[in-house]
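Asks: Okay, sequence plus prediction incoming.
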Protein chains: 2
Amino acid sequence: MAATLSDVAARAGVSIKTVSNVVNGTGRVGAETRDRVERVIEELGYRPNVSARNLRHGRSGVIALAVPEIGNPYFAELAELVVKAAEGYGWTVLIDQTDADPDRERLVLQGIRSHLIDGLLFVPGRLSADDFAARTDTTPMVLLGERLTRVADRVAIDSYAAARAATEHLIDLGRTRIAAVGATPSGDAVSRGRYEGYHDALVAAGHRPSARLVVPQRRWRHESGVEAVGRLLALSRPPDALFCSNDLLALGALRALHDHGVRVPDDVAVVGIDDIAESRFSRPSLTSVAPDKRHIAETAVGLLADRLKGSFSSAPREFIAGFHLEVRESTEG
Amino acid sequence: MAATLSDVAARAGVSIKTVSNVVNGTGRVGAETRDRVERVIEELGYRPNVSARNLRHGRSGVIALAVPEIGNPYFAELAELVVKAAEGYGWTVLIDQTDADPDRERLVLQGIRSHLIDGLLFVPGRLSADDFAARTDTTPMVLLGERLTRVADRVAIDSYAAARAATEHLIDLGRTRIAAVGATPSGDAVSRGRYEGYHDALVAAGHRPSARLVVPQRRWRHESGVEAVGRLLALSRPPDALFCSNDLLALGALRALHDHGVRVPDDVAVVGIDDIAESRFSRPSLTSVAPDKRHIAETAVGLLADRLKGSFSSAPREFIAGFHLEVRESTEG
DNA sequence: ACCGCGCGGTACAACGTTGTACCAAGAACT
DNA sequence: AGTTCTTGGTACAACGTTGTACCGCGCGGT
């Protein structure tokens, strides 16, 4: 049985509160008493009960990070940075996986582990602004990802700008039949943003967007990239460049292009978004829009810290993190 | 302010305990009363306070998974499966990252979040058996990974057998100068196991192991694989096959081999261990030892459940999960 | 001798839940 | 009519902590 304050107190011949004071460095305790208590703590291997503490002052020291899937390297890398940033505040991070399932996401919003977590970092997938409006849980929340309306603090790169930059890069290479893999105008906010960036870049450059070159995918993973390439190469006039909505799609596409005997970047150039580690080592290495992940993680955790320090009522704030294009073999020949 | 049981009770004109009974489905409550209470709960948006609950029955519903780095796809994939398995028991998973830093690992062992977590799944990196012997925290623990001594329940694949199978595959291909990348006889248990499997496979096949062909790496990631290949190709008699201790090393190696103009598998065959998603889509795709990750995750969580159900005192149990070799382009030409 | 004060420490209540013990009122037996 | 049982509900204590209020003691100054 784990030792409690009163076990220690009894053994040291002092009151419970004195032990508590020693543990927390509060109140006034004589040097001699302190020594004695500390010895007993050591002896009994006493550790404070976090639940009781939380109950007392309503804080748990735990924040949650809810992502669609932790198996996706982008989210895994982000999680790693969030954990590091949270450490600086003495917080532990609880990772929740929503599978981009609306029901599970709604549960997260409603505070499934309410009172266990002090704050929530949420990467929403398929939720609508209405869902957020219906939120009753009051746990401070910071959104990572796209705008839904000004519903909470938010940190993200500008998906539209990122997609546009990626597409413009392809245009600058002289490509004219540029396909979009993944994003769709009728999808969630991220999907829409990336589609529109792609679309507007084409229009601004005087290209005529073609619906045939848009291959939406529900799940943005390797397999979907492979599948999209299969469809695009079957067209009578196949594309000469691919703008993929994330790196996994792009990496799957690279693999599939090779299998079809298409040369990259000679015949088809490819760009992705996320700049995951894997993209630096693929063959060919992948040109990708690199969001400043560290900045995103640190800002998000910092915003949460602010909210917890009291500014509950202030208006939602937005931070747009920077990005840059990492040009690699898949576009530069 | 969040509503509590007594807020609901006051408003519904019943006792606190009755509300508690409605919430938990315990005790006997009349249909009419139940309806009324449920309406008030809805109205007030009442949610039970997990901390208080935990305090009451000494359980938190949270288990921790401590891994060296969540950014490594193998651990990310494992984490995903653990989360899923834990869900079946109503548990939430808290992910802790140790960075394979002995001090941080010791903290985990000593129950840094003691009383917050009901159980611990631990993937140790650099800790010794002594460290485990010195553990005073009594939180049930299941080890994922290599044997240290029979110090706790453990689930893992047999690293030795896996390494041996991988190496034998290379031998079967007729390769004679087989290098080992990553593992070292003087490393931690995993590293040692993989080295010995490699070594014994060579000896059993009548090959003479050469120290020059062993390139230990502290961190098993892409970059290290690249670096190792640089060193191996500088040898007067470079290898014709690479046994890499994990897939990240192998993928880095594939990339570096290509950069040096070496053909895979013609000139050099490559195998890895872990079978991460990425390995199915690399160029060439990577032959890898595939541990049964789902089985590992489910068994580990199940063992923890057993311990929590009361069998605290029983002797440590070991489960060896299966694996199979996924043969792909990096070895099969 | 008295007051005031700093020091070291204690007692108690409260955080929100839930298990145990109990109770009142009506129904169903002998 | 008296006894027992069932139903629906309540009161209280306890989980382990910590904030607030308080208390006794010795010391220095009047």
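Replies: Okay, I see it.
Asks: all helices in the stretch 51-200 of chain A, in order from the N-terminus.
Replies: Taking DSSP state H, counting those that start in this stretch as the criterion, the stretch 51-200 of chain A contains helices spanning A:73-87, A:102-109, A:129-133, A:159-172, A:189-204.
Asks: quick one: is the third one near chain B?
Replies: In other words, helix A:129-133. No: remark: helix A:129-133 sits outside contact range of chain B, by CB under 8 Å from any CB of the partner chain, the gap being at least 14.4 Å. (Glycine included, C-beta is placed from N, CA and C.)
Asks: and that helix, what does it pack onto?
Replies: When contacts are defined as 3 or more CB pairs under 8 Å, 6 or more residues apart in numbering or on different chains; DSSP states H and E, helix A:129-133 sits against helix A:102-109.
Asks: hmm, back to that, tabulate the helices of the stretch 51-200 of chain A (a markdown table), appending mean neighbour count.
Replies: Converted to a markdown table, the helices of the stretch 51-200 of chain A look like this (neighbours: other CB atoms under 10 Å in any protein chain shown):
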| stretch | mean neighbour count |
| --- | --- |
| helix A:73-87 | 22 |
| helix A:102-109 | 18 |
| helix A:129-133 | 13 |
| helix A:159-172 | 21 |
| helix A:189-204 | 21 |
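Asks: Out of those helices, which is closest to DNA strand C?
Replies: Closest to DNA strand C of the helices of the stretch 51-200 of chain A, according to CB to the nearest atom of the strand: helix A:102-109, at 17.8 Å.
Asks: can you list contacts of that closest one?
Replies: The contact list for helix A:102-109 (CB atoms under 8 Å, 6 or more residues apart in numbering or on different chains) reads A:64, A:66, A:96, A:98, A:120, A:122, A:124-127, A:131-132, A:135, A:137.
Asks: Count the neighbours of residue A:56 for me.
Replies: The tally of other residues near residue A:56 (other CB atoms under 10 Å in any protein chain shown) stands at 10.
Asks: Hmm, residue A:188 and residue A:126 touching each other?
Replies: Yes: counting by CB atoms under 8 Å, residue A:126 does reach residue A:188; the two are 5.5 Å apart.
Asks: returning to that earlier point: filter the contacts of helix A:102-109 by proximity to DNA strand D?
Replies: By CB under 7 Å from any atom of the strand, no member of these lies near DNA strand D.
Asks: any idea which of those is closest to DNA strand C?
Replies: Using CB to the nearest atom of the strand, residue A:137 comes nearest to DNA strand C of the contacts of helix A:102-109, at 13.4 Å.
Asks: Can you give the domain ranges for chain A?
Replies: For chain A, automatic domain parsing gives the domain ranges A:5-48, A:60-157+A:293-323, A:159-291+A:325-332.
Asks: Tell me which of the ones you listed lies nearest to DNA strand C.
Replies: Once the domains of chain A are compared by CB to the nearest atom of the strand, domain A:5-48 is nearest, at 3.2 Å.
Asks: For the closest one, measure first residue to last.
Replies: 8 Å (CA to CA, to the nearest Å).
Asks: Compare the domains of chain A and say which comes out lowest on pLDDT.
Replies: With a mean of 85, domain A:60-157+A:293-323 has the lowest mean pLDDT of the domains of chain A.
Asks: Show me what from chain A comes close to DNA strand D.
Replies: Selection of chain A residues close to DNA strand D by CB under 7 Å from any atom of the strand yields A:2, A:4-6, A:16-17, A:20, A:23-24, A:26-27, A:46-49, A:52-53, A:55-57.
Asks: Mind doing that once more with 6 Å?
Replies: Within reach of DNA strand D by CB under 6 Å from any atom of the strand, chain A has these residues: A:4-5, A:16-17, A:20, A:23-24, A:26, A:48-49, A:52-53, A:55-56.
Asks: picking that back up, and which of the contacts of helix A:102-109 is nearest to residue A:252?
Replies: Nearest to residue A:252 among those: residue A:125, at 19.6 Å, using CB to CB.
Asks: Among the helices of the stretch 51-200 of chain A, which comes closest to residue B:300?
Replies: With CB to CB as the measure, helix A:73-87 is the member of the helices of the stretch 51-200 of chain A nearest residue B:300 (19.4 Å).
Asks: Tell me the gap between the closest one and the middle of its chain.
Replies: 8 Å (CA atoms, centre = their mean, to the nearest Å).
Asks: For it, which helices and strands make contact with it?
Replies: Contacts defined by 3+ CB pairs under 8 Å, 6+ apart place helix A:73-87 against strand A:62-67, strand A:92-97, helix A:247-259, helix A:293-308, helix B:73-87, strand B:92-97.
Asks: rerun at 7 Å
Replies: strand A:62-67, strand A:92-97, helix A:293-308, helix B:73-87 (3 or more CB pairs under 7 Å, 6 or more residues apart in numbering or on different chains; DSSP states H and E).
Asks: anything in the longest one near chain B?
Replies: No: no part of helix A:293-308 sits close enough to chain B to count as contact by CB under 7 Å from any CB of the partner chain; the gap is at least 10.4 Å.
Asks: Among the contacts of helix A:102-109, the buried ones, what's the PyMOL command?
Replies: Buried members of the contacts of helix A:102-109, identified by 16 or more other CB atoms under 10 Å in any protein chain shown, are gathered into one PyMOL selection as follows:
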select buried, chain A and resi 64+66+96+98+120+122+124+125+126+127+131+132+135+137
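Asks: and residue A:270, how many residues sit next to it?
Replies: Neighbours of residue A:270 (other CB under 10 Å): 30.
Asks: Give me the distance between it and residue A:142.
Replies: Counting by CB to CB, to the nearest Å, the gap from residue A:270 to residue A:142 is 33 Å.
Asks: Likewise for residue A:228?
Replies: On the measure of CB to CB, residue A:228 and residue A:142 end up 33 Å apart.
Asks: will you turn the helices and strands packed on helix A:73-87 into CSV that also has distance to residue B:206?
Replies: Shown next, in CSV, are the helices and strands packed on helix A:73-87 (distance: least, CB to CB, whole Å):
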stretch, distance to residue B:206
strand A:62-67, 50
strand A:92-97, 49
helix A:293-308, 50
helix B:73-87, 33
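Asks: Over to residue A:44: give its phi and psi.
Replies: Dihedral pair for residue A:44: phi -90, psi -10, per degrees, to the nearest 10.
Asks: ok, and the closest non-adjacent residue to it?
Replies: Leaving aside its sequence neighbours, residue A:44 sits nearest to residue A:3 (CB to CB, 6 or more residues apart in numbering or on different chains; 4.0 Å).
Asks: Identify the residues contacting the one you found.
Replies: For residue A:3, the contact set (CB atoms under 7 Å, 6 or more residues apart in numbering or on different chains) comprises A:44-46.
Asks: Can you tell me which of those residues is closest to DNA strand D?
Replies: Distances from DNA strand D to the contacts of residue A:3, taken as CB to the nearest atom of the strand, are shortest for residue A:46 (6.8 Å).
Asks: Doesn't that closest one lie inside a strand?
Replies: No: counting by DSSP: H, G, I helix; E, B strand; the rest coil, residue A:46 is not found in a strand; it is coil.
Asks: residues contacting the closest residue to residue A:317 other than its chain neighbours?
Replies: Leaving aside its sequence neighbours, residue A:317 sits nearest to residue A:153 (CB to CB, 6+ apart; 5.2 Å). If you count contacts by CB under 7 Å, 6+ apart, residue A:153 has them with A:142-143, A:303, A:316-317.
Asks: Repeat that for residue A:239.
Replies: Residues in contact with residue A:239 (CB under 7 Å, 6+ apart) are A:177-179, A:213, A:232, A:268.
Asks: okay, now residue A:20: neighbour count?
Replies: Neighbours around residue A:20, by other CB under 10 Å: 16.
Asks: does the helix or strand that contains it come close to chain B?
Replies: Residue A:20 belongs to helix A:16-24 when assigned by DSSP states H and E. No: Helix A:16-24 lies apart from chain B when judged by CB under 7 Å from any CB; the minimum separation is 13.1 Å.
Asks: what packs against that helix?
Replies: Helix A:16-24 packs on helix A:5-12, helix A:31-44, going by 3+ CB pairs under 7 Å, 6+ apart.
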